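In: sequence unknown, structure follows:
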Ligand SMILES: [Zn+2]
């Protein structure tokens, strides 16, 4: 089965080619988790973009906001090449306020 999916902000489309419903579900879930971020979690701007920073040969995947400079970091699964948004605060609880988006203000706060 083939299905086409467009992200909620209409920016990206993906075609999923799956051999069964569970496979389609899995692929769609994987895609949505990474690519279906609609807006900045800090200021709600839709002016967000994908960014990869390479530091000492390691790639860091993140989304960034052009309006308030907040960013959402993605973690990398050890196998399979998958990514997941880091939505927890440093204390391990879910960041309900900004959904993982944070601003680096350079003084450690
Ligand atoms: Zn923002």
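Out: Cool, got the structure. As the structure is a computational prediction, the values presented were derived from the model and not from experiment.
In: the helices in this protein, which residues?
Out: Using DSSP state H, the helices of the chain run over 21-35.
In: Kindly report the domain assignment for it.
Out: If the domains of the chain are taken from automatic domain parsing, they occupy 1-36, 39-109, with pieces of a single domain joined by a plus sign.
In: Pull out the buried residues from the first one.
Out: This points to domain 1-36. Using 16 or more other CB atoms under 10 Å as the test for burial, domain 1-36 gives 5, 16, 24, 27, 28, 30, 35, 36. (Glycine included, C-beta is placed from N, CA and C.)
In: How about stretch 61-69?
Out: Along stretch 61-69, these residues count as buried under the neighbour rule (16+ other CB under 10 Å): 61, 62, 63, 64, 65.
In: Give the rounded mean pLDDT of it.
Out: Looking at stretch 61-69 alone, the average pLDDT works out to 97.
In: residues in contact with that stretch?
Out: Here stretch 61-69 makes contact (CB atoms under 8 Å, 6 or more residues apart in numbering) with 37, 40, 42-43, 45, 47-53, 70-74, 76, 83, 101, 103-104.
In: and residue 53, how many residues sit next to it?
Out: As a burial measure, residue 53 scores 12 neighbours (other CB atoms under 10 Å).
In: Leaving out sequence neighbours, find the closest residue to the residue nearest the centre of the chain.
Out: By CA atoms, centre = their mean, the chain has its centre lying nearest to residue 34, at 3.9 Å. Once flanking residues are discounted, residue 34 sits nearest to residue 83: 5.1 Å by CB to CB, 6 or more residues apart in numbering.
In: Around the ion, pick out the residues from the chain.
Out: Taking CB under 5 Å from the ion as the criterion, the chain approaches the ion at residues 40, 42, 43, 45, 65, 67, 68, 70.
In: hang on, the earlier thing: quick one: residues contacting the residue nearest to residue 34.
Out: Applying CB under 8 Å, 6+ apart, one finds that residue 83 lies in contact with 33, 34, 61, 74, 75, 76, 77.
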